[in-house]
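Q: Coordinates for the following, if possible.
(one chain, ligands or ions: 3)
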Amino acid sequence: MGLKEDIDIERLPRHIAIIMDGNGRWAKEKGEDRLFGHFHGVESVRNIVEGCAELGVQYLTLYAFSTENWDRPKDEVTGLMELLIDTIRQEVPTLNKNNIRLHVIGNFEMLPPAAKKELDDAVGETKNNTGLNLIMALSYSSRWELTDAVKKIAADVKSNKLKAEDITQDTLQKYLSTAEFPDPELMIRTSGEFRISNFLLYQLAYAELYFTDTLWPDFRKENLYQAIIDYQQRERRFGKTTEQIKNNTEQVL
Ligand code: IPE
Ligand code: IPE
Ligand code: MG
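A: Ligands and ions are numbered 1, 2, ... in the order given. Predicted coordinates for the structure are as follows:
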């Protein structure tokens, strides 16, 4: 193996976002129920968080639960939510040991208040860490986030905190739940699905997309390295021409 050596550490994506998909199919292949897949998906989360921290990636956003996932069968929703919240709580000492700062984004009005408190506590206990920023998207959807941002902007215009004519792309960015993070340069989706499923629609405007058939519970550091190597072979043009990019090295990440 040894893919890690092929990564150009000077040109790492600063922010990687992952749609962790395929837990249910992984479990089904093994004749188990869907929660068994989610349970094993947690192992992949640990492994990939560690892999990103070792490499020096600054931001990792993991799509763990969408607002649409609330419509799944009640048993799965309850089991998965418990697993996510319990895992986050249990991982806090490891996060602190590895200098990882936890953030959560999503519509927390849909969470039971006790779960919300657990998340707030976990976030608070890691807030002084300065290494990898781990952003868990939980009860998240991009359309919810954009609608929420528009509502807040409208309220600020109404109360004269903001002038409608002063609204720029920067203003909108500041009202998103990801305001403090740079946009992802690389978005990975596992399990062979080629869609975005309501994830970071605004922030992924110029992200490189990487799709793999590997199901999330099988995804490990070597798969991550593969995705980063693939990313590093791409030319990011941002609307410009190849010649412009080649003549101005500053444009290359
Ligand atoms: C990803 O795996 C986890 C969540 C969406 C919560 P799935 O549960 O979507 O697994 P598949 O896609 O049905 O295999
Ligand atoms: C996207 O996966 C959401 C998460 C990984 C949390 P889904 O399995 O819910 O997406 P669809 O339904 O296949 O688009
Ligand atoms: Mg799925």
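
Q: Would you mind measuring from Asp156 to Phe108?
A: Applying CB to CB, to the nearest Å, the value for Asp156 to Phe108 is 21 Å. Quick note: C-beta positions are derived from backbone N, CA and C, even for glycine.

Q: and what of Ala227?
A: According to CB to CB, Ala227 stands 30 Å off from Phe108.

Q: neighbour-wise, which of the two wins?
A: Neighbours were counted for Ala227 and for Phe108 using other CB atoms under 10 Å; Ala227 has more, 22 against 16.

Q: Just to be sure, the more buried one is in a helix?
A: Yes. Under DSSP: H, G, I helix; E, B strand; the rest coil, Ala227 falls within a helix.

Q: I figured it hits Phe211, correct?
A: No. The criterion here is CB atoms under 8 Å, and Ala227 misses it with Phe211 at 9.5 Å.

Q: what touches both of those two?
A: Ile188 (CB atoms under 8 Å, 6 or more residues apart in numbering).

Q: And the pLDDT for Ile88?
A: For Ile88, the model assigns a pLDDT of 97.

Q: Around it, how many other residues sit close by?
A: Other residues near Ile88 come to 23 when the count uses other CB under 10 Å.

Q: Can you name the residues that contact Leu172?
A: Leu172 touches Ala149, Ile153, Tyr202, counting by CB under 8 Å, 6+ apart.

Q: how about 10 Å then?
A: Leu146, Ala149, Val150, Ile153, Ala179, Tyr202 (CB atoms under 10 Å, 6 or more residues apart in numbering).

Q: Gln226 too?
A: Leu3, Asp6, Ile7, Ile188, Tyr210, Thr212, Thr214.

Q: And the helices in the stretch 1-150 of the chain, which stretches?
A: In the stretch 1-150 of the chain, the helices defined using DSSP state H, counting those that start in this stretch lie at 23-29, 34-55, 74-97, 113-125, 142-158.

Q: Between those helices, which one is closest to ligand 1.
A: Nearest of these to ligand 1, taken as CB to the nearest ligand atom: helix 23-29 at 2.8 Å.

Q: Run a quick neighbour tally on the closest residue to ligand 2 within the stretch 101-250 of the chain.
A: Closest residue of the stretch 101-250 of the chain to ligand 2, CB to the nearest ligand atom: Ser197 (3.7 Å). If you count neighbours by other CB under 10 Å, Ser197 ends up with 14.

Q: does it really touch Ala137, like I thought?
A: No. Judged on CB atoms under 10 Å, Ser197 makes no contact with Ala137 at a distance of 11.0 Å.

Q: overlap in contacts of the two?
A: With CB under 10 Å, 6+ apart, Ser197 and Ala137 have common neighbours Ile19, Tyr63, Ser66.

Q: Just give the number of residues close to the first one.
A: Just to be clear, that refers to Ile19. Ile19: 25 neighbours (other CB under 10 Å).

Q: what's near enough to touch the closest residue to it other than its chain neighbours?
A: Of all residues not flanking Ile19 in the chain, Arg189 sits nearest, at 4.1 Å (CB to CB, 6 or more residues apart in numbering). Neighbour list for Arg189: 17-22, 63, 195-197, 199, 209-212, 216 [criterion: CB under 10 Å, 6+ apart].

Q: So what does Arg189 look like in phi/psi?
A: phi -130, psi 130 (degrees, to the nearest 10).

Q: How about Leu111?
A: Taking degrees, to the nearest 10 as the convention, Leu111 sits at phi -90, psi 150.

Q: The closest residue to it other than its chain neighbours: how many residues sit nearby?
A: Nearest residue to Leu111 in three dimensions, chain neighbours excluded: Ser139, at 6.0 Å (CB to CB, 6+ apart). A count of neighbours around Ser139, defined by other CB under 10 Å, yields 23.

Q: Nothing else from me, thank you.
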